[in-house]
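S.K.: I'd like to go over a predicted model; first the sequence, then the structure.
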Amino acid sequence: MLGWILPLLVLGGLAILPLLAENRRHGAEAFRDKAPGRFAKLSQGVTHYQWLGEARGPVIVCIHGLTTPSPVWYGIAEGLIQLGYRVLVYDLYGRGFSDAPRGAQNGDFFAKQLEDLLEHQGISTDVTLMGYSMGGSIATHFTKKHPERVTRLVLLASGGIWLREDKLTELCRTIPFLGDWLHATVATRRDRKALRAQLGQTFDIKGIVELQIAEYQSRGFLRSVLSSRRHMLDDLQEEAHKTIGREGVPVVGIWAEKDEVIPLKSLGTLTQWNRNSRQEVIPDSDHRVGFTHSEEIVDVLRYALRDAAG
């Protein structure tokens with residue numbers, strides 16, 4: 001009997017390690033004095049947002065991805081501003097400076113955040129939605145629900161079609177409890193190491209890697225990422241894209257040629273689901289395309305947005 005005590009104590013200690021680490025983290029409110037934008041108290045929590053560009057002009061709402069906070073859009077937004085657009089960026093729940101409410105982070109969860117934010121900002125006219133990675137999945141879900149509110153949909157290396165994930169990530173996503181533990185310990189350590197390896201590299205947005213690393217110190221971030229993997233990123237959006245096609249909302253798909261997360265075959269699949277979609281590929285780019293090839297993306301949008309408007 002006594003021989004089981006030590007192993008049980010060791011297992012118990014390992015089991016509570018993620019809880020102890022999470023309790024040492026601070027809520028997003030502890031870092032808000034450093035936030036570049038403003039805050040909106042919405043129905044599910046506080047959301048950090050920022051307007052970029054002049055006070056007039058058509059609105060583009062940009063939705064970031066799984067772990068990249070809203071500054072990931074700064075490089076692309078600079079080009080959009082030159083094209084005459086007002087750009088609204090915001091942090092998804094559990095990222096950046098926004099709250100991390102509990103609950104399944106699925107399409108309706110994120111659509112509600114966007115619905116609330118648009119209402120808070122008094123935006124009653126239709127907008128262009130642009131989503132990067134998981135943000136593309138969110139933008140697609142919102143457009144399916146509210147096609148009358150979306151002038152056009154721009155998808156940048158978008159989720160919801162094809163997604164590559166390694167075995168560890170799959171285990172974290174598919175196995176309850178053990179997956180949570182693996183995500184909070186093994187996977188997190190691996191992902192932070194990969195980010196630190198990018199420090200010192202040149203990107204279109206200064207400090208973007210540091211911002212991603214800092215999120216790991218925010219309470220609720222890890223929980224939010226895993227919930228999004230299990231719900232938002234696990235949603236195959238075939239029916240949504242077919243609905244958007246039938247509704248006649250113009251769609252522009254922009255893909256990274258060497259994307260290791262969202263494979264380029266997503267282009268062909270989206271074309272099958274919505275034959276009216278326009279597709280472009282950014283050469284020699286990977287999944288970080290949003291902050292490594294901003295100028296090339298803006299060059300695509302310069303013509304794609306004009307053609308969609310016409």
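M.R.: Yes, it's here. Keep in mind it's a predicted model, so treat the numbers as computed, not measured.

S.K.: where do the helices sit along the stretch 51-200 of the chain?
M.R.: 74-82, 107-120, 134-145, 167-174, 178-182, 188-196 (DSSP state H, counting those that start in this stretch).

S.K.: what about the closest residue to Ser227 other than its chain neighbours, neighbour count?
M.R.: Nearest residue to Ser227 in three dimensions, chain neighbours excluded: Gln105, at 4.2 Å (Cβ to Cβ, 6 or more residues apart in numbering). (Glycine included, C-beta is placed from N, CA and C.) As a burial measure, Gln105 scores 28 neighbours (other Cβ atoms under 10 Å).

S.K.: Contacts only, for Leu211.
M.R.: Going by Cβ atoms under 8 Å, 6 or more residues apart in numbering, Leu211 touches 69, 71, 96.

S.K.: Just name the closest of those to Arg190, please.
M.R.: Relative to Arg190, the closest of those is Pro69; by Cβ to Cβ it sits at 20.2 Å.

S.K.: wait, doesn't the closest one sit right on Tyr90?
M.R.: No. The criterion here is Cβ atoms under 8 Å, and Pro69 misses it with Tyr90 at 9.6 Å.

S.K.: Compare the two (neighbour count), which wins?
M.R.: Shown here are Pro69 and Tyr90; by other Cβ under 10 Å, Tyr90 has more neighbours (28 against 23).

S.K.: Check the secondary structure at the closest residue in space to that one that isn't next to it in sequence for me.
M.R.: Among residues not flanking Tyr90 along the chain, Tyr49 sits closest, at 3.9 Å (Cβ to Cβ, 6+ apart). Using DSSP: H, G, I helix; E, B strand; the rest coil, the secondary structure recorded for Tyr49 is strand.

S.K.: give me the number of residues near Tyr49?
M.R.: When counting by other Cβ under 10 Å, one arrives at 22 neighbours for Tyr49.

S.K.: again with Thr174
M.R.: Counted with other Cβ under 10 Å, residues neighbouring Thr174 total 12.

S.K.: Quick check: the gap between it and Thr188.
M.R.: Distance of Thr174 to Thr188, given as Cβ to Cβ, to the nearest Å: 17 Å.

S.K.: Wait, a helix at Gly253?
M.R.: No. With three-state DSSP as the criterion, Gly253 is located in strand rather than a helix.

S.K.: Can you verify my assumption that Lys265 contacts Trp162?
M.R.: Yes. If you go by Cβ under 8 Å, Lys265 and Trp162 touch, sitting 5.8 Å apart.

S.K.: neighbour-wise, which of the two wins?
M.R.: Trp162 (18 against 11).

S.K.: Now do the contacts for His141.
M.R.: 107-108, 110-111, 235, 237, 240.

S.K.: do the same with Gly84
M.R.: Contacts were defined as Cβ under 8 Å, 6+ apart; by that measure Gly84 touches 57-58.

S.K.: Next one: the closest residue to Gly94 other than its chain neighbours from Ile205, what distance?
M.R.: Of all residues not flanking Gly94 in the chain, Ser224 sits nearest, at 2.5 Å (Cβ to Cβ, 6+ apart). Using Cβ to Cβ, Ser224 is found at 22 Å from Ile205.

S.K.: More neighbours: those two, which one.
M.R.: Comparing Ser224 with Ile205 by neighbour count (other Cβ under 10 Å), the higher total belongs to Ser224, at 24 against 20.

S.K.: Tell me who's in contact with the more buried one.
M.R.: Applying Cβ under 8 Å, 6+ apart to Ser224 gives the contacts 92-95, 100, 105.

S.K.: Right, I'll leave it there.
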